[in-house]
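**Student:** below are the sequence and a predicted model; questions follow.
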Amino acid sequence: MNDITPDPIDVLAVVDSVKAHAAGGIDIFIGTTRDHSKGKKVVSLEYEAYVPMAMKSMTELENKARQRWNLHEINIVHRIGKVAVGEPSVVIAVSSAHRDDAFQACRFLIDQLKLVVPIWKREYFADGSVEWSMQTHEQPVTHESPQAHP
């Protein structure tokens with residue numbers, strides 16, 4: 001059920017798409033455009049994607065998540081084009097019989113999406129500057145049970 005769209009993401013529709021009578025939990029990640037980055041005020045983001053490869057990569061990630069956890073439904077929706085501050089850029093919803101599988105799978109999916117899916121982000125700043133931003137993590141992702149951070 002994955003999608004890449006130029007339209008605003010309907011978060012409730014994404015959640016509804018993963019509902020299942022056997023599901024005891026639904027985990028949702030909503031990535032929104034924040035108003036700052038690199039110490040500067042952000043006015044908007046713009047996403048570009050190589051859509052055929054991005055869709056294939058998202059399906060591969062979904063398959064990997066299904067192999068690792070007992071899941072019912074998964075839906076990954078990513079926006080392309082201009083995205084204003086406060087609007088969702090990506091929504092991931094995962095349903096499973098038990099919450100732990102849904103939590104872990106959702107975290108895995110967003111972390112891996114940022115690492116491997118060919119979607120690029122351009123940041124537009126209030127000072128008129130524009131920068132391409134890397135869609136990768138600053139530290140390795142382990143996908144173990146989360147530890148409390150001091």
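**Tutor:** Here it is on my side, so go on.

**Student:** when you work out contacts or count neighbours from here on, use the C-alpha atoms and nothing else.
**Tutor:** Noted.

**Student:** remind me what the helix or strand hosting I76 packs against, helices and strands.
**Tutor:** Assigned by DSSP states H and E, I76 falls within strand 71-79. Of the remaining helices and strands, those touching strand 71-79 by 3 or more CA pairs under 8 Å, 6 or more residues apart in numbering; DSSP states H and E are strand 3-5, helix 11-17, strand 88-96.

**Student:** hey, C-alpha coordinates of whatever helix or strand V83 lives in in CSV?
**Tutor:** Assessed by DSSP H and E, V83 sits inside strand 81-84. Coordinates of each C-alpha in strand 81-84 appear next as CSV, following Å, rounded to 0.1, in the frame of the first residue of the first chain:
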residue,chain,number,x,y,z
GLY,A,81,7.4,18.5,-4.0
LYS,A,82,7.2,21.5,-1.7
VAL,A,83,6.2,20.8,1.9
ALA,A,84,5.4,23.7,4.2
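
**Student:** ranking the helices and strands packed on strand 71-79 by burial, who's on top?
**Tutor:** The highest mean neighbour count among the helices and strands packed on strand 71-79, using mean count of other CA atoms under 10 Å, belongs to strand 88-96: a mean of 26.

**Student:** so which elements touch the next helix or strand along the chain from it?
**Tutor:** Using DSSP H and E, the next helix or strand after strand 88-96 towards the C-terminus is helix 99-116. Here helix 99-116 touches strand 25-32, helix 51-68, strand 88-96, going by 3+ CA pairs under 8 Å, 6+ apart.

**Student:** ok, L61 - contacts?
**Tutor:** If you count contacts by CA atoms under 8 Å, 6 or more residues apart in numbering, L61 has them with L109, Q112, L113.
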